[in-house]
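Participant: heads up, no residue letters with this:
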C-alpha cells in the first residue's frame, strides 16, 4: 500500500484509506449494481486486490482514484452479467409466464398476428427479412449481417426502416 523507505506497509494508513474511501466506493457500486450485497462484495474485493498486491501510491488520492476505477469497472461488469442472466432467464421461461387466454383473447391475438403478417407481407423483401430475423428468430445485428452477407450497420438501418414502414402500413390500415 503505502511504503516507507524500508518497504514496510503501514496498517494505519491502509485503515485510514479504507475508512475514508469505502463509503464513496460503496455509493458508486450500489448505484450501478442496485444491490447492497453486491456493492459491498465489490468494494471488499477492490481493497483486497490493493492489499494483496501491496501496491504503492504517491498519496492517498491516487489510491482512492485507483480504487474508484476498479470498483466502477467491476460494478459495470456485474450489472451487465446480471442483465444477461435476467434476459436469458426470461427467454428460457417465456412460455411459463403467459397468462391463460380466454376465447376472446385468443381471437384478438389471432387477428393481431394476422394484421401484422399482412403488413409484413407488404414490406420489400430486404426489409421484411431483417425484421423477421430480428423479431422472430431473435438474432442480433451481427448474426443477421452474417446470415445475409451485409454489414452490421446496414442491418441496423434496414431494421429501423422496416419498423418505420411497418408502423406506417399498420397505421393506415387502422
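Facilitator: Structure received. Keep in mind that what you see is a predicted model, and the values were worked out from it rather than measured.

Participant: by contact count, what packs against the host helix or strand of residue 40?
Facilitator: In this assignment (DSSP states H and E), residue 40 forms part of helix 36-52. If you count contacts as 3 or more CB pairs under 8 Å, 6 or more residues apart in numbering; DSSP states H and E, helix 36-52 packs onto helix 11-33, helix 60-92. In this view, the C-beta of every residue, glycine as well, is placed from N, C-alpha and C.

Participant: so which of the ones you listed is nearest residue 45?
Facilitator: helix 60-92 (6.7 Å; CB to CB).

Participant: list the buried ones in the closest one?
Facilitator: Using 16 or more other CB atoms under 10 Å as the test for burial, helix 60-92 gives 63, 64, 66, 67, 68, 70, 71, 72, 74, 75, 78, 79.

Participant: mind checking the SS state of the closest residue to the third one other than its chain neighbours?
Facilitator: So the one you mean is residue 66. The shortest distance from residue 66 to any non-neighbouring residue, by CB to CB, 6 or more residues apart in numbering, is to residue 57 (6.8 Å). With DSSP: H, G, I helix; E, B strand; the rest coil as the basis, residue 57 sits in coil.

Participant: quick check: which ranges of this structure have low pLDDT?
Facilitator: Along the chain, segments meeting pLDDT under 70 span 1-10, 94-101, 173-174.

Participant: residue 64 - nearest residue in space that isn't next to it in sequence?
Facilitator: Leaving aside its sequence neighbours, residue 64 is closest to residue 21 (4.9 Å, by CB to CB, 6+ apart).

Participant: which residues touch the one you found?
Facilitator: For residue 21, the contacting residues are 63, 64, 67, 68, by CB atoms under 8 Å, 6 or more residues apart in numbering.

Participant: same check, this time on residue 40
Facilitator: By CB under 8 Å, 6+ apart, the neighbours of residue 40 are 26, 29.

Participant: same deal with the one 3 residues further on?
Facilitator: Taking CB under 8 Å, 6+ apart as the criterion, residue 43 is in contact with 22, 25, 26, 29, 71.

Participant: nearest to residue 33 among the contacts of residue 21?
Facilitator: Checking the contacts of residue 21 one by one against residue 33 (CB to CB), the nearest turns out to be residue 68, at 14.7 Å.
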